[in-house]
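Enquirer: all I have is the shape, not the residue letters:
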């Protein structure tokens with residue numbers, strides 16, 4: 001058996017030491033001083049790490065990756081899917097990227113940047129960066145992309161930090177935040193702000209059919225429901241992170257046992273969505289490497305706060321108390337998850353359990369009786385879009401039946417889920433979110449401006465929204481954490497959505513395939529994979 005084992009558990013004090021990481025050019029190794037302007041932007045001192053070239057055979061063979069479901073879109077800003085993000089990171093690039101080790105943002109397309117003031121920042125990109133269509137990237141492409149990406153609501157929460165922008169010269173752009181904003185650099189690393197060629201934007205190119213970016217792989221073909229192909233981009237600007245294989249063949253296999261068999265027989269090389277019951281078998285196979293670590297993905301129920309019965313806080317609290325998270329994790333994940341009762345990821349500074357409720361079906365029934373709410377009047381549909389969610393839904397269905405509420409489970413594909421939840425056409429559903437920090441999570445999923453965006457639960461609480469944005473504008477870390485804790489208490493009491501568990505990241509792949517260690521957000525750094533000779 002070849003196995004890398006269970007990696008360390010995420011902790012707020014180790015992995016997420018601050019909201020933002022270093023922002024110097026990536027080739028500087030020393031610890032950098034923090035200027036008052038950087039402090040105003042929420043930037044803390046850190047030591048950037050230069051990527052070291054990996055050994056290996058270099059470009060040559062393909063890698064076949066398999067996932068459980070198909071990504072809803074392969075164009076940045078047109079989705080809120082982690083699966084689509086994996087593809088975006090292959091084909092596109094942002095001004096910054098999240099450092100693999102600790103998810104801190106570091107320069108990517110940017111060669112240099114400075115704070116002009118506490119609300120204005122100047123960024124200079126590398127010269128000679130080429131898009132896959134041969135255009136050289138300029139500041140005009142960045143300005144056009146910032147404007148273009150805002151046409152789509154799925155990434156709107158990550159686009160709000162940049163209030164305005166101005167091209168200074170061919171390779172330099174200034175971005176203003178309007179008010180001090182601790183999330184700008186993180187947001188510029190998000191796929192919702194990846195860069196497209198201005199010439200294609202102006203020509204009305206359909207990026208949903210053929211995405212064009214400046215990433216390490218170029219899009220080649222997509223046969224819906226079957227596979228996608230990506231070719232190594234020979235002119236990728238970052239030579240130290242250039243692809244080590246010639247192309248990526250991405251398969252979609254919905255059934256877990258079939259994915260396992262495909263890996264065992266050599267039909268595929270890397271499994272993203274590992275079937276948990278098959279983990280012991282794969283760990284015992286000397287031809288397969290299995291890696292595990294606790295992840296940063298928050299898994300939760302969204303209740304449509306804009307319609308009955310979920311517009312009533314007492315109904316939401318009763319449902320929250322009736323749900324057995326431990327049973328859900330065992331039934332759907334074979335125990336490979338961490339049950340939680342908070343409305344936010346508990347791994348970040350500022351998270352709190354204050355205001356949460358214990359699993360207590362009797363108290364849930366009593367609350368409904370006290371409020372004069374007949375449980376039989378609360379029947380609703382619960383959406384699920386994969387097999388794990390279906391099993392979790394069945395536990396929830398039984399839990400709620402125990403307090404007199406009838407729930408109908410409706411299975412849909414992820415694309416349909418995106419449409420229904422965005423268009424306010426649902427009662428209750430599952431959702432997942434993988435944030436780099438707590439303010440990003442709360443801004444996206446709980447604040448009023450992003451209702452009908454990533455706030456799909458349609459949580460409308462002005463006090464909570466005000467605290468969220470106050471935390472983003474607060475530079476002092478201890479003060480910011482105190483504000484977040486107060487916001488967290490209100491969110492837990494308001495229970496606009498219901499957390500169920502934090503995820504466990506498990507990947508399985510051919511033992512002859514060398515891959516980077518798994519990042520907390522699930523990032524795979526596909527361009528750094530290579531085959532042993």
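Expert: That came through, no problem. Keep in mind the model is a prediction, meaning the values are calculated, not measured.
Enquirer: is residue 352 in contact with residue 482, as I believe?
Expert: No. The pair residue 352 and residue 482 does not pass the contact test of Cβ atoms under 8 Å, sitting 10.4 Å apart. All C-beta spots, glycine's among them, are computed from the backbone N, C-alpha and C.
Enquirer: which one's more surrounded, those two?
Expert: A count of neighbours by other Cβ atoms under 10 Å puts residue 352 above the other of residue 352 and residue 482, at 19 against 14.
Enquirer: separation between the more buried one and residue 484?
Expert: To residue 484, residue 352 is 8 Å away according to Cβ to Cβ, to the nearest Å.
Enquirer: okay, buried residues for stretch 105-117 please.
Expert: Neighbour-count burial for stretch 105-117 flags 105, 106, 107, 108, 109, 110, 111, 113, 115 (criterion: 16 or more other Cβ atoms under 10 Å).
Enquirer: show residues contacting the longest helix seen in the chain.
Expert: Ranked by residue count and defined by DSSP state H, the top helix of the chain is helix 477-494. The contact list for helix 477-494 (Cβ atoms under 8 Å, 6 or more residues apart in numbering) reads 18-19, 44, 182, 313, 316, 342-344, 349-356, 438-439, 442, 446, 459, 461, 463-464, 467-468, 470-471, 474.
Enquirer: just the buried subset of the residues you listed, written out for ChimeraX, thanks.
Expert: Selecting only the buried entries of the contacts of helix 477-494 in ChimeraX, with 16+ other Cβ under 10 Å as the criterion:
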select :18,19,44,182,316,342,343,344,349,350,351,352,356,438,439,442,446,459,461,464,467,468,471,474
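Enquirer: among the contacts of helix 477-494, which are in helices?
Expert: 313, 316, 438, 439, 442, 446, 463, 464, 467, 468, 470, 471.
Enquirer: the helices in the stretch 301-450 of the chain, which residues?
Expert: Under the criterion DSSP state H, counting those that start in this stretch, the stretch 301-450 of the chain contains helices at 313-322, 325-333, 361-370, 387-401, 414-422, 438-446.
Enquirer: most packed of those helices?
Expert: Highest mean neighbour count among those (mean count of other Cβ atoms under 10 Å): helix 438-446, with a mean of 26.
Enquirer: ok, now which ones touch residue 458?
Expert: Contacts for residue 458 (Cβ under 8 Å, 6+ apart) come out as 304, 305, 306, 424, 451, 452.
Enquirer: identify, from these, the entry nearest to residue 370.
Expert: Residue 370 lies nearest to residue 305 out of these, by Cβ to Cβ, at 21.1 Å.
Enquirer: skipping adjacent residues, who's closest to that closest one in space?
Expert: Closest residue in space to residue 305, ignoring its immediate chain neighbours: residue 458 at 4.7 Å, by Cβ to Cβ, 6 or more residues apart in numbering.
Enquirer: and the pLDDT at the one you found?
Expert: Per-residue pLDDT puts residue 458 at 97.
Enquirer: could you do the one 3 residues further on as well?
Expert: Predicted confidence (pLDDT) at residue 461: the value is 98.
Enquirer: touching, it and residue 495? I think so.
Expert: No. Counting by Cβ under 8 Å, residue 461 does not reach residue 495; the two are 10.7 Å apart.
Enquirer: which is the next helix or strand following the worst-scoring helix or strand of the chain on mean pLDDT?
Expert: Taking mean pLDDT, DSSP states H and E as the measure, helix 36-40 is the helix or strand of the chain with the lowest mean score, a mean of 35. Using DSSP states H and E, the next helix or strand after helix 36-40 towards the C-terminus is strand 63-67.
Enquirer: quick one: that following strand to chain centroid distance?
Expert: 20 Å (Cα atoms, centre = their mean, to the nearest Å).
Enquirer: what lies in contact with that strand?
Expert: 83, 245, 248-253, 259, 262-263, 267-273, 513, 526, 529, 531.
Enquirer: can we see that at 6 Å?
Expert: Contact with strand 63-67 is made by 83, 245, 248-251, 253, 259, 268-273, 529, as judged by Cβ atoms under 6 Å, 6 or more residues apart in numbering.
Enquirer: again, but for stretch 216-236
Expert: For stretch 216-236, the surrounding residues in contact (Cβ under 6 Å, 6+ apart) are 59, 90-91, 130, 132, 211, 242-243, 246-251, 527.
Enquirer: of all those residues, which two lie farthest apart?
Expert: For these, the maximum inter-member distance is 29.1 Å, found between 130 and 251 (Cβ to Cβ).
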